[in-house]
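Student: need coordinates for the following:
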Amino acid sequence: MRILVHDYSGHPFQAQLSRELARRGHDVVHSTCTAYVSGKGDLVSDTPGLRFVTIGDGTALRKQAYFRRLRQETLLGFELARQVRREKPDVAMLSNLPIPVLVVAAAVLRRMGVPWVLWHQDVTAVALRNFAAADVARAMGVAARVFGAGEKWAAHRAAAIVVIAESFVRVHEEWGTAGKVTVIPNWAPLDEIVPVDRANAWSAEHGLDGVRTVLYSGTLGLKHNPELLVRLAERLRQEGAPVRLVVVNDGPAVPVLREAAAARGVELTLLPFQPYARLPEVLGSGDILVVLLAADAGEFSVPSKTLSYLCAGRPVLGLMPADNLAAHLLRQAGSAVFAPEESSLDEACAWVRDVLADPARADALGKESRALAEREFALEDCASRFEDILRSVHLTSAR
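Tutor: A predicted model of the protein is given here:
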């Protein structure tokens, strides 16, 4: 088959899936968007039958400039449609697309007669509805209804849908699309993100050797309450367990973190997203890795950074809803999950303090993280399930 995979974000495991599909003899074009600023996977082709392409001119999205962003995302949708027209795939798979991009792409794919699979990573309509309900911006309520209608419309046009957690199925039942849904949890590339020594070249470059570090690496929105990281580090210092807070991120949370750390006297190392090849060293430099997820995002979002943390073989602190799929994985690995609220910081600090004071326990937690990743993230089974779905969609459309 000739397959076009568009992962708007450029995440590592989607690129890994495209490599595996190419190794199985398929002609694969893997597309990403340069406008979306995040940590990227390995987007350089080293596999026969696989090409990496992009949409966008490199201009970053201005997430808070809503009308400009809407226009930009609509234009990106048409650019993706032109890319599909050039590549002429037998089947396409779309992942992580903002709703304007998704709707435009779905409309053009339908017109072209190209069958496609929706790889549903987040239910955007639910996130927007919660965003409005939280009094962050009441005007978002209108956007939630419009975007929700667009997301539902696109789901009805998809030939098949892959969701990442059972909780997504309820939404598709409401939309009348549950009959074409398959649940395939996300994973992280075991062969690319591997445990490394705590003292490594990257930690030395950034003055982190011999320094107790609490590290966060990945996307971080204002809605996730980034100041909670600063308050965690402040509380640890007050309780006699000072740490260096390390945050690897580009985006609106950066000035918030910088200001909060200065106001509270927290030692902070702020760095932009690092080259993917160095991600094992980055994660290996954290004595404790932290993941944040807002309370109202727990059911319809699974932070992929958690999966990378597990691959890296480190103790992980989750400040996230207890019913999230990633929270279940952390508990299986023996790590800790607490509510993403300041009222949980006493318990969270106690856990971090105990782990930092007990190197044997920290080592055991790290080994269990990696062991869980190796049990859960086997690529061969996931790739076979995707391959079966894509082949079925292609064969059905060819009849």
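Student: for the host helix or strand of residue 100, packing partners?
Tutor: Counting by DSSP states H and E, the element that carries residue 100 is helix 99-112. Packed against helix 99-112, as judged by 3 or more CB pairs under 8 Å, 6 or more residues apart in numbering; DSSP states H and E, are the following elements: helix 66-87, strand 91-95, strand 116-120, helix 140-157. C-beta here means a position set from N, CA and C on the backbone, and glycine is covered the same way.
Student: switch to 6 Å and redo it
Tutor: Here helix 99-112 touches helix 66-87, helix 140-157, going by 3 or more CB pairs under 6 Å, 6 or more residues apart in numbering; DSSP states H and E.
Student: got the angle for the longest one vs helix 140-157?
Tutor: So that's helix 66-87. Angular relation of helix 66-87 and helix 140-157 on a 0 to 180 degree scale: 10 degrees, by axes from the mean of the first three to the mean of the last three CA atoms, to 10 degrees.
Student: what are the contacting residues of the helix holding residue 100?
Tutor: 70, 73-74, 76-78, 80-81, 116, 124, 147, 150-151, 154, 157 (CB atoms under 6 Å, 6 or more residues apart in numbering).
Student: before we move on, back to that, and residue 60, which of the helices and strands packed on helix 99-112 is closest to it?
Tutor: Shortest separation from residue 60 across those is recorded for helix 66-87, at 9.7 Å, computed as CB to CB.
Student: what lies in contact with that closest one?
Tutor: With CB under 6 Å, 6+ apart as the test, helix 66-87 has contacts from 4, 29, 55, 61, 62, 98, 100, 101, 104, 105, 108.
Student: repeat that for stretch 221-237.
Tutor: With CB under 6 Å, 6+ apart as the test, stretch 221-237 has contacts from 216, 220, 243, 245, 252-253, 256-257, 260-261, 264, 266, 292, 294, 345, 349.
Student: low-scoring stretches of the stretch 101-250 of the chain, by residue?
Tutor: 125-144, 222-223 (pLDDT under 70).
Student: which residues in it form strands?
Tutor: Listed from the start of the chain, the stretch 101-250 of the chain has strands (DSSP state E, counting those that start in this stretch) covering 116-120, 160-163, 181-183, 213-217, 244-248.
Student: as CSV, the helices and strands packed on helix 99-112 with mean neighbour count and distance to residue 50 would be great.
Tutor: As requested, these are exported to CSV (neighbours: other CB atoms under 10 Å; distance: least, CB to CB, whole Å):
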stretch, mean neighbour count, distance to residue 50
helix 66-87, 17, 13
helix 140-157, 18, 26
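Student: redo those as JSON lines? Include distance to residue 355.
Tutor: As requested, those are exported to JSON lines (distance: least, CB to CB, whole Å):
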{"stretch": "helix 66-87", "distance to residue 355": "40"}
{"stretch": "helix 140-157", "distance to residue 355": "39"}
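Student: identify whichever of the ones you listed lies nearest to residue 324.
Tutor: Nearest of the helices and strands packed on helix 99-112 to residue 324, taken as CB to CB: helix 140-157 at 20.7 Å.
Student: which helices and strands does the closest one pack with?
Tutor: helix 99-112, helix 124-133.
Student: now do 8 Å
Tutor: helix 99-112, strand 116-120, helix 124-133, helix 167-175.
Student: relative orientation of the first one and strand 91-95 in degrees?
Tutor: Between the axes of helix 99-112 and strand 91-95, defined by the same axes, to 10 degrees, the angle is 170 degrees.
Student: what of the last one?
Tutor: Orientation note: helix 167-175 sits at an angle of 110 degrees relative to strand 91-95 (the same axes, to 10 degrees).
Student: helix 167-175 packs against which elements?
Tutor: Counting contacts by 3+ CB pairs under 8 Å, 6+ apart, helix 167-175 is packed against helix 140-157, strand 160-163, strand 181-183.
Student: could those go into JSON lines alongside distance to residue 380?
Tutor: Formatted as JSON lines, the entries for those read as follows, by distance: least, CB to CB, whole Å:
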{"stretch": "helix 140-157", "distance to residue 380": "28"}
{"stretch": "strand 160-163", "distance to residue 380": "17"}
{"stretch": "strand 181-183", "distance to residue 380": "17"}
